[in-house]
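Visitor: with the sequence up front, the predicted model follows.
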Amino acid sequence: MKYLKSLYVQVLLGITLGVVFGLIEPSWAAEMKVLGDVFISLLKMLIGPIIFCTVVMGIANSGDMKKVGRVGGKALIYFETVSNVALALGVLMANVFKPGKGFNVDPATLDASAISQYTEKAKDTSTLDFILNIIPKTFTDAFTASGNLLQVLFLAVLVGYALNHIGEKGKPVQAFLTSASQVFFRIVHLLMQFAPIGAFGAMAFTIGKYGVSSFGPLLSLMGVFYLTCLIFIFGILGPIAKFTGFSIWRFLRYIREELLTVLGTSSSESVLVPLMEKLEKLGCSKSVVGLVVPTGYSFNLDGTNIYLTLAAIFVAQALGIDLTWGQQFSIFAVATLTSQGASGVTGAGFITLAATLAVVPHVPVAGLALILGIDRFMSEARALTNTIGNGVAAIVISRWEKELNMETLKRELASNSTELTEADVG
C-alpha cells in the first residue's frame, strides 16, 4: 500500500483508468476533457512567472554577464544543432517509410473548416511576424493569455541584465523574486498532487473521443513518428549523454515520474518545476538550469521538430504531391523558424505545423484535416521527446560549463536505478 503514496504510481494508475474508462464508456469519457484542461490551465498560469523568476535570478546571480552570454550562446548552439538534426530526421524517415503513400486523397474533398481554429491561430506565424511578437506591448502583456514564452524570456533577460549591473541597489528586487519563485514552486508542488486526476481526464477524453479504431488508416504515420522519436532519443540523445558521462536509460528512469505526468497530460510544461529540481539534484548548476531549461521550452522542442517535417511530408504524400528535394528543403528551412517559440502545451505542435504549411505553397494547409483526429495521440510523443531533450541539454551545458558535479550525477543515477527514491515511497 505504501507504493500508492507515490505520485509515479498514482499517475500511472490515472492513465490506466482513463484508457479503460474511455474504452468502456466513450461518451462519458469524452466529457472528462475538462479535468485535463483544468489541470493544464492551473499549471500554465504559473509557467510565465516561474520562467521569468528563474531566468532573472540565473542572470542576476551569475555575477558575470560574460558567463550569461557564454552559457546562453552555448545553449543556443546546442539547441539549433540538435533541433536541426530532429528536423532532418523527420525528413529522412518520411522519405524512407513514405507513410502517406497510397492514400490518394483528393484535395477537393478535404474539409478545411475542421482546422480553421488552428489556421487562425497560426496567421501571425505564417507571415513570419512572430519575430516582432517577441516584444510585448506592455511589461505585463507577456504574462497574459495572449503572451508567449519568448516575450517572457525577452523581459527576463532585460531585468536580469539590469539587476546584474546595478549591484546592491537591486538586492531588494532579487530578494523579492527569490521569495516569489519559492512561492510559485510550492504552488506547483501542491497542484502536482492533482496530476493523477488530470492524467485520467486527458487520457479518458482521448480514448473516448477518438477511439482506438478511428486512427486505424493512419497507423502508418503514428508508427513512423513514434519510431522516429525513439531513434532520436536513443540514437541521437543517447550518444550525446554517453559522451557527457551518463546513461540515457538511467536518466529516463530517474525522471520517470515526470515522464508519466507528461504522458498523461500531453504537456511538457506540466513538469517544468519538478524537472528543474531533479536536474539540480543530479549536480547541475542552479544558474545553468535556470537559464537552459526555460529557454529550451522555446528553442529546444525536438519532438515538435520531428513532427513538423514528418507530418508535412506525410500530408503531401497522402495528397499525391511529389515533393522535390528542393521543396522538402524549403519545408525544413521554414520549420526551423516556425518551431522557435512553440509552446509545450497540447495542440501547439499542430498550430505550428499549420503555420509551417501556410508559408509553403507546395502543400495545401487543408491537408492537415487528414491528421487532425490523431494529432492528440502524437502529442504525447512530442511532449515526452521535448522533455527528455531539455533534461539532457541542461546536463550537457552544465558539463560544458564545468558546473556539473559528476560524482553526484553518477551517484544519483546509480542509486535511482537500483532502489526507489524517497518520492516513490512518499
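Guide: Sure thing, it's come through.

Visitor: drop to CA atoms for contacts and neighbour counts, all remaining ones
Guide: Noted.

Visitor: what residues are up against F225?
Guide: Counting by CA atoms under 8 Å, 6 or more residues apart in numbering, F225 touches 306-307, 310, 378.

Visitor: any quick PyMOL command for the buried ones out of those?
Guide: Entered in PyMOL, the line below selects the buried ones among the contacts of F225, by 16 or more other CA atoms under 10 Å:
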select buried, resi 306+307+310+378
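
Visitor: okay, the contacts of F225 in JSON lines with secondary structure, pLDDT and distance to E412 next?
Guide: Listed next are the contacts of F225 as JSON lines, based on DSSP: H, G, I helix; E, B strand; the rest coil; pLDDT from 0 to 100; distance: CA to CA, whole Å:
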{"residue": "I306", "secondary structure": "helix", "pLDDT": "95", "distance to E412": "31"}
{"residue": "Y307", "secondary structure": "helix", "pLDDT": "92", "distance to E412": "33"}
{"residue": "L310", "secondary structure": "helix", "pLDDT": "94", "distance to E412": "36"}
{"residue": "M378", "secondary structure": "helix", "pLDDT": "84", "distance to E412": "31"}
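
Visitor: counting by contacts, list what whichever helix in the chain runs longest packs against.
Guide: With residue count as the measure and DSSP state H as the assignment, the chain has helix 65-97 as its longest helix. Contacts defined by 3 or more CA pairs under 8 Å, 6 or more residues apart in numbering; DSSP states H and E place helix 65-97 against helix 219-231, helix 286-299, helix 302-318, helix 325-338, helix 372-400.

Visitor: I166 versus the nearest residue to E403 once chain neighbours are set aside, what's the distance?
Guide: Residue nearest to E403 in three dimensions, not counting chain neighbours: S285, with 5.4 Å by CA to CA, 6 or more residues apart in numbering. Computed as CA to CA, to the nearest Å, the S285 to I166 distance reads 24 Å.

Visitor: same question for I248.
Guide: Distance from I248 to I166, by CA to CA: 42 Å.

Visitor: these two - which one has more neighbours?
Guide: I248 (20 against 11; other CA atoms under 10 Å).

Visitor: got a pLDDT number for the spatially closest residue to that one that is not a sequence neighbour?
Guide: Sequence neighbours aside, G238 is the residue nearest to I248 in space, at 5.3 Å (criterion: CA to CA, 6+ apart). pLDDT, G238: 97.

Visitor: just checking, what packs against the host helix or strand of G238?
Guide: Using DSSP states H and E, G238 sits within helix 238-244. Judged by 3+ CA pairs under 8 Å, 6+ apart, the packing partners of helix 238-244 are helix 248-254, helix 372-400.

Visitor: where does this structure dip in pLDDT?
Guide: Scanning the chain for pLDDT under 70 picks out 1-5, 62-63, 108-133, 145-148, 210-217, 340-349, 359, 373, 417-426.

Visitor: my guess is the residue nearest to E403 contacts E401, does it?
Guide: No - counting by CA atoms under 8 Å, S285 stays clear of E401, with 9.1 Å between them.

Visitor: which one of the two has more residues nearby?
Guide: Per other CA under 10 Å, whichever of S285 and E401 has more neighbours is S285, with 22 against 15.

Visitor: one step back: can I get the helices and strands packed on helix 65-97 in CSV including distance to G198?
Guide: CSV is the format used below for the helices and strands packed on helix 65-97 (distance: least, CA to CA, whole Å):
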stretch, distance to G198
helix 219-231, 23
helix 286-299, 21
helix 302-318, 22
helix 325-338, 29
helix 372-400, 14
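
Visitor: how about those helices, which one is nearest I47?
Guide: Among the helices and strands packed on helix 65-97, helix 286-299 comes nearest to I47, with 9.2 Å by CA to CA.

Visitor: then the closest one to CSV, C-alphas only?
Guide: Only the C-alpha atoms of helix 286-299 are listed here, as CSV (Å, rounded to 0.1, in the frame of the first residue of the first chain):
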residue,chain,number,x,y,z
LYS,A,286,21.3,26.1,-10.4
SER,A,287,22.2,29.0,-12.6
VAL,A,288,22.7,26.9,-15.7
VAL,A,289,19.5,25.0,-15.1
GLY,A,290,17.7,28.3,-14.6
LEU,A,291,18.9,29.6,-17.9
VAL,A,292,18.9,26.4,-20.1
VAL,A,293,15.6,24.7,-19.2
PRO,A,294,13.2,27.7,-19.5
THR,A,295,15.0,28.7,-22.7
GLY,A,296,14.7,25.2,-24.0
TYR,A,297,10.9,25.3,-23.8
SER,A,298,11.0,27.8,-26.6
PHE,A,299,14.1,26.8,-28.6
